[in-house]
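Colleague: With the sequence up front, the predicted model follows.
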Amino acid sequence: MLLLDDTALTCLLKRDPATAAHAGSSPALGHRLATVAMRARAPGTACGTEEGARMFALLGCAADVAVESGATVGPGDLLLAARGPAAALLSGWQSVQGLIEWASGVAGSTAGIVRAARAANPGIVVACPQKAIPGARPLALKAVTAGGVAMQRGRARDAVLVLAEHRAFGGHEGLVARIRQLRAADPGQGIVVEVGSCEDALCAAGYGADTVQLARMTPAEVAATARALAAGWNGELVVTGSIGEDMAAAYATSGAHVLSTSAPYHSAPEEIDVAFEAG
């Protein structure tokens, strides 16, 4: 399913005028037709093939999506093929390649984190925050979803989030007042409080937070906090941070209910092989 609209895709196709002119204006091309095939170079998770096909269509070419976003692929697997005027294909293939490589890198990294976390704890919920790279948010959210995570974090999906920055001027007393205010305004709405220490987590839970979100804490600190909260609090514990595949198991077994990681957004792109044929 497409996530980026035509306006966004058209912007991605725009290139430096001199470069674009050089790419597609060779007199030898004339009205010749050509085909281009894009294949995975390594095992991974495909993403962005639908957008890539639409980009070729915007250039007047016919494109076929060989694998949909979220599919597991191996070396040499066909991702996308397109046929049309050679000049059009040459003017857009690098933009298409770049989009699919970046999105597939994010999706593959996400899938690896999910596998590692659930191998250690099958019941863990793996999520990604909706705060993604500026300018790339729609594609980033599609890519992490293709990798197998939830964008809505459990009970927190319809909740109000109180960040540490929101409490900067009120301290614990301000947090108590804020929770009471939110509860009075909408008794049925969940309240999430982000904290950075076990002490603050206990305070937030004691003040009535439904979900406590632990930011940038080590697995040992998360585990200690989970044990401290276990007696008398039945809320949801979320751990957040740039948690990669190497640390996913440690956090998944720390006692948190949800692992929310921003690491996939900074993944290296997957490499794609591109081949042209005349005719």
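Modeller: That came through fine.
Colleague: neighbours of residue 133, just the number please.
Modeller: Using other CB atoms under 10 Å, residue 133 is surrounded by 13 other residues. Backbone N, C-alpha and C define where each C-beta goes, glycine included.
Colleague: can you pull the contacts of it?
Modeller: If you count contacts by CB atoms under 8 Å, 6 or more residues apart in numbering, residue 133 has them with 140, 265-266.
Colleague: you'd agree it is in a strand?
Modeller: No. With DSSP: H, G, I helix; E, B strand; the rest coil as the criterion, residue 133 is located in coil rather than a strand.
Colleague: and residue 274, what helix or strand is that in?
Modeller: Residue 274 is part of strand 272-278, with elements assigned from DSSP states H and E.
Colleague: quick one: average pLDDT of that strand?
Modeller: Averaged across strand 272-278, the pLDDT comes to 97.
Colleague: who does it touch, helix- and strand-wise?
Modeller: strand 33-40, helix 86-120 (3 or more CB pairs under 8 Å, 6 or more residues apart in numbering; DSSP states H and E).
Colleague: Turn the ones you listed into a markdown table, columns for distance to residue 235.
Modeller: Shown next, in a markdown table, are the helices and strands packed on strand 272-278 (distance: least, CB to CB, whole Å):
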| stretch | distance to residue 235 |
| --- | --- |
| strand 33-40 | 42 |
| helix 86-120 | 21 |
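Colleague: and residue 209, which of those is closest to it?
Modeller: Closest of the helices and strands packed on strand 272-278 to residue 209 is helix 86-120, at 23.9 Å (criterion: CB to CB).
Colleague: quick one, strands of the stretch 51-200 of the chain?
Modeller: Ranges of strands within the stretch 51-200 of the chain are 62-65, 72-73, 78-85, 125-127, 160-162, 191-195, based on DSSP state E, counting those that start in this stretch.
Colleague: Adjacent strands (with direction) for the second one?
Modeller: Sheet neighbours of strand 72-73, with direction, are listed as strand 44-45 (antiparallel) (DSSP bridges).
Colleague: Could you do the longest one as well?
Modeller: Looking at strand 78-85 with DSSP bridges, its paired strands and their directions are strand 33-40 (antiparallel), strand 62-65 (antiparallel).
Colleague: buried ones in the last one?
Modeller: Neighbour counts using 16 or more other CB atoms under 10 Å place 63, 65 of strand 62-65 among the buried residues.
Colleague: and it, how far from the chain's centre?
Modeller: Centroid separation for strand 62-65 versus its chain: 25 Å, with CA atoms, centre = their mean, to the nearest Å.
Colleague: Only C-alpha atoms, please: export that strand in PDB.
Modeller: These are the backbone C-alpha positions of strand 62-65, laid out as PDB (Å, rounded to 0.1, in the frame of the first residue of the first chain):
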ATOM      1  CA  ALA A  62       5.100   0.800 -16.700                       C
ATOM      2  CA  ALA A  63       6.300  -0.900 -13.500                       C
ATOM      3  CA  ASP A  64       5.700  -4.200 -11.800                       C
ATOM      4  CA  VAL A  65       6.100  -4.700  -8.000                       C
END
